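# Structure, please.
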Amino acid sequence: MKTCPYCGSEVEPYGDKFSCLYCELILDKKDVQQNGKRKDCLPASQPSYKDLYRTTTELMTMNTIELLYLLKFARAERGSIYSQRKLFLQAMKEGASGYEEAEKYTFKEYEFWTRKCFVLENLIRERISYIPQKLTESYIQNFAGRMLNSSKKDMSIKQPKCLK
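Reported below is the predicted structural model:
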């Protein structure tokens, strides 16, 4: 039986899509579930470093777990650039010359990565209502585990037994 991914009700064909009368939604075929199963929210694979260069609009379409990984990557990049910038500033403070261009470059990079972190933090905050302070592998794995567990319970309602 084809069912709605939100309420578990049986859906009706509606052209090349499906209709859920309870939710009053038109659903794409890819969203329709079977027998009250919940939609799998885990992505097939982890995002890659190149995904950090996606636009905000593209990032908005990504799964929360993917955004958590990207935020972890972006924070690492920002930290690395910050360390480089700090070295250039220290050298210039001690009288070394020739680091002005490098300092300007690292500032632009630092600004880019800081803004990318802001975008990712706010997208995550919209979804889970807070910004994770520290993103460890165990935090992300626990989050993924909770996502997996939440999809295990089917959306089914047992019919009442007839009383005589």
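# Against Phe143, how distant is Glu121?
When distance is defined by C-beta to C-beta, to the nearest Å, Glu121 is 15 Å away from Phe143. C-beta: built from backbone N, CA, C; applies to glycine.
# From the centroid of this protein, which residue is nearest?
For the chain, the residue whose C-alpha lies nearest the mean C-alpha position (C-alpha atoms, centre = their mean) is Thr64; its distance is 2.2 Å.
# give the contact list for it.
Residues near Thr64 by C-beta atoms under 8 Å, 6 or more residues apart in numbering: 41, 124, 127-128, 143.
# Now which of the residues you listed would you call buried?
Those of the contacts of Thr64 that meet the buried threshold are 124, 143, by 16 or more other C-beta atoms under 10 Å.
# Against Leu120, how distant is the residue nearest to the centre of the chain?
With the distance defined as C-beta to C-beta, Thr64 ends up 11 Å from Leu120.
# repeat for Glu101
In this structure, Glu101 and Leu120 are separated by 29 Å, where distance is defined by C-beta to C-beta.
# Of these two, give the one with the bigger neighbour count.
Comparing Glu101 with Leu120 by other C-beta atoms under 10 Å, the one with more neighbours is Leu120, at 24 against 9.
# In space, what's closest to the more buried one - neighbours in sequence excluded?
Closest residue to Leu120 in three dimensions, ignoring its sequence neighbours and counting by C-beta to C-beta, 6 or more residues apart in numbering: Leu71, at 4.2 Å.
# my read: that neighbour touches Cys117, true?
Yes: with contacts defined as C-beta atoms under 8 Å, Leu71 counts as touching Cys117 at a distance of 6.6 Å.
# These two: which is more packed in?
Shown here are Leu71 and Cys117; by other C-beta under 10 Å, Leu71 has more neighbours (22 against 18).
# The more buried one and Ile140, how far apart?
On the measure of C-beta to C-beta, Leu71 and Ile140 end up 10 Å apart.
# wait, doesn't Met1 sit right on Asn35?
Yes: taking contact to mean C-beta under 8 Å, the distance of 5.5 Å between Met1 and Asn35 places them in contact.
# from the chain's centre, how far out does stretch 28-35 sit?
In terms of C-alpha atoms, centre = their mean, to the nearest Å, the gap separating the centre of stretch 28-35 from the centre of its chain is 22 Å.
# end to end, how far does that stretch reach?
Across its full length, stretch 28-35 reaches 17 Å between end residues, using C-alpha to C-alpha, to the nearest Å.
# can you check stretch 143-157 too?
Distances were taken as C-alpha to C-alpha; on that basis the terminal residues of stretch 143-157 are 28 Å apart.
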